[in-house]
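Student: Structure of the sequence below:
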Amino acid sequence: MAKDFTKYKFEDWEKGIAKSRMVQKVVEHYASTMDMNYEELKEQWWDDIQGGKGIIRKVSEIDSKNERNYYINAPITLKDGTKIAVCNQWGKENFSNFILHAGLLNYKIIADVAEENEVSDEELTKTNIMYKLPDVITNNLKDYSNPDENIFAVYKYVNEHITNDDDLEQLYLAIIEFKPDAQIVGQYAWELFEKGRVEVAVSLIKNKAKYSGDDHAWKCFKSSERDILPISFTNPFKVYEAKDAANLNITINIHGRMHQVFSCTKEEDVNIDHIDDHYQNIFDWIYKIDDDNLMIIEVDGEKIFEGSLSELGIRETEFGYDLSKPKRKYITPKLEKIKQIKDFCEFDSDEVWVSKENHLLLIPQGRLEGDRGLELAPNFNNRYSMINYGKYNLEASVKVKSFAISDLFFQLDPCMDELVLEPEGGPYYNFSKIFHYEEGELELEIKSDKVMDTEFKEGWLYDL
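Tutor: As a prediction, the model looks like this:
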């Protein structure tokens, strides 16, 4: 929820004050002028105007957990000696209710339009000066240097004591003020961001010069920074545009050792070892392209990327169901285009993998879903795989009016690592197929190959 920093005043005032302070002033003036006791005052300033916490409470009835929600250090003494405190939890909606009700009691409150409402990041993230961290949190922050221990203790406290997002924000800001560790800031900025407290989250991230921490803490912080700052949702790749009516010629070459996995059919009673020519039994194939393979992407002969696939960051991913709302919004148009492709029309977009580095999309879906292969080989005993391993040069090409690497997405088969075991330490499987959002699948053609080993296994990837 974005913060509203508008200040308010009476017509004869020169300068406005914050919403919560205005409520304090009005109630204090009304109580002293009307000379009421607590019950009489409550009849005029009833709880529903504010919401769940009410406008006023007896100081004696406010427990330690809720002290921060009231001006406990600025009590109002009524004619019967009762001390009351005014609630300080006011937002745009409930303060509008207060203004209307106060108007009925002849208090004309207006917005201070001359007041500058822009605040610095530092001011935005200052916690309420009346807020006091619970002792259990303070002691944990003092006694445990490991931020993981601190975050876990706060998690337990929040589950037991915090019931609304306003209180949560105040707690997190107070913790960060007390212990400005980069990991703690990254964690709580991200949580506030997920709850719609975007301005506060962005301000916390922008104030990073104030924080400290080890390499792990800063890694956690940078992960949140990528999610929160708007710049992380721009296209990180250069866009190339064709001139006049011409097309751009895009070529993608992949070099290195890899596996080519063939799906083959046979009669049920035929032993794989007794088959002389396996190539005549092939009806489909895919590649296991790994992170150490070299990729070269060219636009009209100009290299725009040359490096190992690990450098492209395709497999450093997060899952669709874990994405922040802004990042989800950023990739939604791409997901819609993917689902227009026949092979992916029923794909669950929550299952998409998204690169943390550059937002390239990876679809973890087996090729044979809905394919004709099951008609050709309906039974397991009709199916087997031939797996070639060797040195390959694959090439794909497409002609388009404009191009950026972000126009590509990739597909892998999630069962591949069960069919082809990977050595400890890699290389690791990255993808099998390349797609263009507008042009569809970019067929990988073998430009050269040198097969070094072949093995056979019963069943297909589909069966694993």
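Student: was I right about L312 contacting F305?
Tutor: Yes. Contact status for L312 versus F305: in contact at 7.2 Å, counting by C-beta atoms under 8 Å. (Glycine included, C-beta is placed from N, CA and C.)
Student: Where does pLDDT dip in the stretch 151-300 of the chain?
Tutor: Scanning the stretch 151-300 of the chain for pLDDT under 70 picks out the ranges 230-234.
Student: any idea how far K92 lies from K210?
Tutor: Noted for K92: a distance of 29 Å to K210, by C-beta to C-beta, to the nearest Å.
Student: repeat for S96
Tutor: Here the criterion is C-beta to C-beta. By it, S96 lies 35 Å from K210.
Student: what does the domain assignment say about this structure?
Tutor: Split into domains by automatic domain parsing, the chain comes to 8-111, 121-233, 248-463.
Student: Same list, the ones you listed, but as TSV with mean neighbour count and distance to Y240 please.
Tutor: Shown next, in TSV, are the domains of the chain (neighbours: other C-beta atoms under 10 Å; distance: least, C-beta to C-beta, whole Å):
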stretch	mean neighbour count	distance to Y240
domain 8-111	16	46
domain 121-233	17	21
domain 248-463	16	5
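Student: For V239, find the nearest of those.
Tutor: Nearest to V239 among the domains of the chain is domain 248-463; the distance by C-beta to C-beta comes to 4.5 Å.
Student: overlap in contacts of L312 and F305?
Tutor: Residues touching both L312 and F305 (C-beta atoms under 8 Å, 6 or more residues apart in numbering): 295, 405.
Student: Just the pLDDT for I84.
Tutor: Listed pLDDT for I84 reads 93.
Student: Same check on N379?
Tutor: pLDDT, N379: 89.
Student: Could I get the full set of helices for this protein?
Tutor: Assigned by DSSP state H, the helices in the chain fall at 19-34, 38-44, 92-104, 121-124, 135-143, 147-161, 165-178, 182-194, 198-206, 215-228, 309-312, 325-338, 373-376, 416-419.
Student: Run through the neighbouring helices and strands of the fifth one.
Tutor: With contacts taken as 3 or more C-beta pairs under 8 Å, 6 or more residues apart in numbering; DSSP states H and E, helix 135-143 sits against helix 147-161, helix 165-178.
Student: and these as TSV, adding distance to V299?
Tutor: Below are these laid out as TSV (distance: least, C-beta to C-beta, whole Å):
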stretch	distance to V299
helix 147-161	45
helix 165-178	46
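Student: Please name whichever of the ones you listed is nearest to L461.
Tutor: Closest of these to L461 is helix 147-161, at 38.7 Å (criterion: C-beta to C-beta).
Student: pull the CA atoms of that closest one into PDB?
Tutor: C-alpha atoms of helix 147-161 as PDB (Å, rounded to 0.1, in the frame of the first residue of the first chain):
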ATOM      1  CA  PRO A 147      20.800 -13.100  10.500                       C
ATOM      2  CA  ASP A 148      19.100 -16.400   9.900                       C
ATOM      3  CA  GLU A 149      18.600 -16.800  13.700                       C
ATOM      4  CA  ASN A 150      17.200 -13.300  13.900                       C
ATOM      5  CA  ILE A 151      14.800 -13.800  10.900                       C
ATOM      6  CA  PHE A 152      13.500 -17.100  12.400                       C
ATOM      7  CA  ALA A 153      12.900 -15.500  15.800                       C
ATOM      8  CA  VAL A 154      11.000 -12.600  14.200                       C
ATOM      9  CA  TYR A 155       9.000 -15.100  12.100                       C
ATOM     10  CA  LYS A 156       7.800 -16.800  15.300                       C
ATOM     11  CA  TYR A 157       6.900 -13.500  16.900                       C
ATOM     12  CA  VAL A 158       5.000 -12.300  13.900                       C
ATOM     13  CA  ASN A 159       2.900 -15.500  13.700                       C
ATOM     14  CA  GLU A 160       2.000 -15.200  17.400                       C
ATOM     15  CA  HIS A 161       1.500 -11.400  17.700                       C
END
